[in-house]
Each structure stands twice: as structure tokens, then as C-alpha cells.
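Q: Just the structure for this:
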Amino acid sequence: MSFDVSAQQHLLPFIIFIVMLAIGIDLETQHFRKLLREPRVPVLGTLVHTLTFPLAAVILVASSLALDLGLSEASLIGILLIAACPSGGFSNVLVLIARANLPLSVVLTAISSLLSFFTVPLFFWLFSDIMPVLSGRVELPVAPTLLHLLVLILLPIGLGMAWRHRNVEFVTTHVARMQRYAQRMFYVVLVLVIVQEWEVVRSGIVEALPWSIVLCVVTLSIGFLSARLLGLGPDDCATVAIESSIRNLAVALLIAANVMNRLDVAVLPTVYVLAVLLVALAFSLVWRRRQPATEPSGQ
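A: Got it, this is the predicted structure:
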């Protein structure tokens, strides 16, 4: 089988559908009922974690342009792309490691994924509007983007939730295994795409890694401080900070490869995963040390 086209154009969308289906089967209506009963923390957390990354991205990109730091167009667009994407499921793992508020993390990730149908194209429009110098360089075709998000994000999440509702016992028993398989399949396809486009990836790693680390540090800091200023508790602040720094790589790859047809733009979002492993994981481990060895907060 040749992966020169199918890995990014055919296999990647299929795997993303499976990953989003796995997210959907982990969601229960009780997550959203709790949101309606106690809306303050989830609503504030959603506002902070939705706006933190785009704000940090605009600051970094504007600084790079103003100071002429030589950030390539691909990395510039890559920063804005990862900022526009929804939160990723890895945030739940980091919150669990940190012993912070895991139920809040699950709700924030779910809301972020559902809102992505609107927020991804909206943020790209705002980026071009806020920074006129980017006009014509940061463009996202609206109709193809909405179609991809509808078919590959909202639809599988909805199907996953419906599947769980109709087969609670089976899904509850096998959800962890299904999610592991989905994640492994995604990483296999990611490796295939990277191998296929290795020259493009290799040329962008050196530039992308330091910017990715800075971006992760900034989003963690802004997310935590903003939540603190809004009066959230310590564990809620840590949860919002982690959620603010994590983005869904699958969605970023989907848009870069299948909507923009720009694999060079996908380099920074891919490298950002390394920054998360270095910075966000370290934050979670440090936060964990200040907590007693009990169940995660909120459970």
C-alpha cells in the first residue's frame, strides 16, 4: 500500500473519526447535568481555557512580526492553527497525574470538542482581523473546514455518546481498551505521515521546538493566573491551566493536511506535543507532590 497520498488524505481522517468516537463513548449525560446544576466553575473554566491559547498565540506571533524574529510563515500559521483547535484528551491524563479536578477536566474537554465546529473557523477569522499583516496568509476555507469538523468531530462524538447510552455495560467495560487502541492507531498514522514528509518535518523542528516550549509555558501561566483571579480553587486552577495548554493534535493535522494541504504547517503542532511532555507533564508532577495520595479532586 502506498502512503504518499492515502496516509494524510484517507487514512488520517478515518483514524480521527475513530479517536473522536472513543472520546464520545467516554462522555455521559451526567457530565452536562452537573454543568447545569453547578455552572460557575465549568463556565469560567471554559472561558479561560478557550481564550488563553489564542491570546498567547496572538501575543507570540505579533511579537515575532514586530521584532522581526524570523519566524517562518509555516510556523507562524502553525502557532495560530494549534491555538484555534479544541482541547485534547491528553489533558485528562495530565490532570489525573496532577491529582487535580478530573471531572472538571472531562467536562472542559467535552465542551471544547463540541464547540470546535464554531471556534476553529471563528478564531482564524479573528486572527486575520486582529493582525491585518496576516491577511491573505492565514486563511481557512470555511465550507470545507465546517464539513470536516461536522463529519469527523461532532458526528463521531455524538455516535459515541449514543452508543454508550444504548450499551452502557459493554462500553463501560471496554472503554479504556477502545481508547488505547484508538490512540495507538492515531500515533501509527502520525508516524507514517512524518516519515512520508520527513524532509519538511526535519527542516522545521529546530525552529518549532523553542517556540512550542515558550507557548506551553505561557498558556499554562496565563490559564492558572486567570483562573486564580476569577476566584477558582487551587485544584480547579491547576485543571484549567492544564486544559489551557493542551490542544488536539488530530484536529490540527486534519486541518493542515486535508483542508489547507500544508504539511509544513503541521510541523509546529506536532512538535508542540514534545513541549507538552517537557513542560505540562513537569507541571502536573510538581502539582502532584503538593497533594496527598488520595483520589483526584472532584470525585
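Q: so where's the stretch 151-299 of the chain shaky on pLDDT?
A: Applying pLDDT under 70 to the stretch 151-299 of the chain picks out residues 197, 200, 291-299.
Q: for it, what spans make up the helices?
A: 155-166, 168-196, 198-229, 234-245, 249-254, 267-275, 281-289 (DSSP state H, counting those that start in this stretch).
Q: could you say what helices and strands the longest one packs with?
A: Looking back up the chat, that one is helix 198-229. If contacts are counted by 3 or more C-beta pairs under 8 Å, 6 or more residues apart in numbering; DSSP states H and E, helix 198-229 sits against helix 40-67, helix 73-84, helix 234-245, helix 267-275. From N, CA and C alone the C-beta is placed, and that goes for glycine too.
Q: Just want the angle from that helix to helix 281-289.
A: If you take axes from the mean of the first three to the mean of the last three C-alpha atoms, to 10 degrees, helix 198-229 sits at 30 degrees to helix 281-289.
Q: Enumerate the positions of helix 198-229 that are buried.
A: Buried residues in helix 198-229, counted by 16 or more other C-beta atoms under 10 Å: 200-201, 204, 207-209, 211-213, 215-224, 226-228.
Q: Return the most buried member of the helices and strands packed on helix 198-229.
A: The highest average neighbour count among the helices and strands packed on helix 198-229, using mean count of other C-beta atoms under 10 Å, belongs to helix 234-245 at a mean of 28.
Q: So what's the gap between that one and the chain middle?
A: 14 Å (C-alpha atoms, centre = their mean, to the nearest Å).
Q: returning to that earlier point: export the helices and strands packed on helix 198-229 to CSV and append columns for distance to Arg33.
A: Formatted as CSV, the helices and strands packed on helix 198-229 follow (distance: least, C-beta to C-beta, whole Å):
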stretch, distance to Arg33
helix 40-67, 11
helix 73-84, 29
helix 234-245, 19
helix 267-275, 33
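Q: Can you say which of those helices is nearest to Ala100?
A: Evaluated over the helices and strands packed on helix 198-229, closeness to Ala100 peaks at helix 234-245, with 4.3 Å, by C-beta to C-beta.
Q: Show the secondary-structure elements that that closest one is packed against.
A: helix 40-67, helix 90-98, helix 102-130, helix 198-229, helix 281-289.
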